[in-house]
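Peer 1: one predicted model, sequence on top.
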Amino acid sequence: MQRGQIIKALSGFYYVENDGKVYQTRGRGNFRNRKITPLVGDFADFESSNSTDGYLMDILPRENELIRPQVANVDQGVIVTSCIEPNFSFNLLDRFLVMLEEKHIAPVIYITKLDIASDNILQSMSAVQTYYESVGYPVLLSDSHDLSDLEPFFKDRLTVFMGQSGAGKSTLLNKLLPDLNLAVGDISTALGRGKHTTRHVELINVAGGLVADTPGFSSIEFLEMPLSELSKCFPEFVAASENCKFRECQHRKEPKCGVKEEVAAGDILQSRYDNYLQFYEEISNRKPMYNKNK
């Protein structure tokens, strides 16, 4: 019995990396009865007499999983957002940050297209960098031509890319992985966002880590997050809530709320608080999801 990590799934085969070697395997017949669907990123026990004829025996418990791209055990998410064409969106950035926080995935904020931005936009992006770094998030400002500042983040981590359509996710991946030739979605002027370009997922070795070779989703809805978890996904809210009068304060209408006090003082961005209130309403008004298999 050997243990490795699934780096590609294609046509019923699972390609497992172990000690620098890749083994082609199939899932055991009882996986379906056990309701096990192996994902790229899964750690697995497998048996193999040679590199092309093996079987997955078991899938180890996952730290997390994403739906798009379908990857398990993700360590890090690079949120690619542009400062212009399409315009920077605090709301979309905060959505991705909340989703990653809820799944215990470390975010890296990567702001692109500074080389075509005006001085006013550059100043506003510098302010964005200052605030989000104060919260604890790495923020990289890039002209999309130099990736040297991003590559050190990959070592010993499984990284996925996500963010705005048209912000340059595919362009970045093509530069990191020159043999990839991902189709780059054109910017849709009418919609103000890019066209989706997707493919199957494979993990590629980059700078001592693994990178998913397909860009992730460009928008997000909170389909599963419990309302009680939302405020915990804003690190500065967690710190400020120590000064709330009520232990289970939701930072909305409660008196003597530490979060609202810091918003009023300008220590917490008004846009962060406004987005929190919007997300709160979205989750509160979410229709219940039913499992069709039950």
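Peer 2: Nice, thanks for sending it over. For clarity, every value in this text was computed on a predicted model and none was experimentally measured.

Peer 1: can you name the residues bridging to the nearest residue to Leu97 once chain neighbours are set aside?
Peer 2: Leaving aside its sequence neighbours, Leu97 sits nearest to Pro107 (CB to CB, 6 or more residues apart in numbering; 5.5 Å). Every residue, glycine included, has its C-beta placed from N, CA and C. Beta-bridge pairing for Pro107 (DSSP bridges): Gly77.

Peer 1: likewise Gly4?
Peer 2: With DSSP bridges as the rule, Gly4 is bridged to Ala44.

Peer 1: which residues touch it?
Peer 2: Val16, Glu17, Asn18, Asp19, Tyr23, Phe43, Ala44, Phe46 (CB atoms under 8 Å, 6 or more residues apart in numbering).

Peer 1: now the nearest residue to Asn243 once chain neighbours are set aside: how far from Tyr137?
Peer 2: Excluding the flanking residues, the one nearest Asn243 by CB to CB, 6+ apart is Gly258, at 3.1 Å. In this structure, Gly258 and Tyr137 are 21 Å apart, going by CB to CB, to the nearest Å.

Peer 1: try Gly163
Peer 2: Distance from Gly163 to Tyr137, by CB to CB: 13 Å.

Peer 1: Thr171: how many residues sit nearby?
Peer 2: Neighbourhood size, Thr171 [other CB atoms under 10 Å]: 17.

Peer 1: wait, a strand at it?
Peer 2: No - secondary structure assignment places Thr171 outside any strand; it is helix (DSSP: H, G, I helix; E, B strand; the rest coil).

Peer 1: just want the most central residue of this protein.
Peer 2: Gly77 (3.9 Å; CA atoms, centre = their mean).

Peer 1: what's near enough to touch that one?
Peer 2: Going by CB under 8 Å, 6+ apart, the list of residues near Gly77 reads Phe96, Leu100, Ile105, Ala106, Pro107, Val108, Thr159, Val160, Phe161, Met162, Gly216.

Peer 1: these: which two are farthest apart?
Peer 2: Greatest spatial distance among the contacts of Gly77 (CB to CB): Ala106 and Gly216, at 14.9 Å.

Peer 1: the more surrounded of the two?
Peer 2: Gly216 (25 against 17).

Peer 1: please name every helix or strand in contact with whichever strand or helix holds Arg95.
Peer 2: Arg95 is located in helix 90-102, with elements delineated by DSSP states H and E. If you count contacts as 3 or more CB pairs under 8 Å, 6 or more residues apart in numbering; DSSP states H and E, helix 90-102 packs onto strand 76-82, strand 106-112, strand 158-163, helix 270-284.

Peer 1: the contacts of Gly4 in strands, which ones?
Peer 2: Val16, Glu17, Asn18, Tyr23, Phe43, Ala44, Phe46 (DSSP state E).

Peer 1: what sits closest to the third one if chain neighbours are left out?
Peer 2: If you skip the residues right next to it in sequence, Asn18 has Gly4 as its closest partner in space, 3.4 Å away by CB to CB, 6+ apart.

Peer 1: and Leu203, how far from Lys256?
Peer 2: Distance from Leu203 to Lys256, by CB to CB: 48 Å.

Peer 1: who has more neighbours, the two?
Peer 2: Set side by side, Leu203 and Lys256 show more neighbours around Leu203, with 22 against 11, by other CB under 10 Å.

Peer 1: quick check, that one in contact with Ile7.
Peer 2: Yes - assessed by CB atoms under 8 Å, Leu203 is found in contact with Ile7 at 4.2 Å.

Peer 1: now the angle between strand 76-82 and the longest helix seen in the chain, please.
Peer 2: Longest helix of the chain, by residue count under DSSP state H: helix 119-135. Between helix 119-135 and strand 76-82, the angle comes out at 160 degrees (axes from the mean of the first three to the mean of the last three CA atoms, to 10 degrees).
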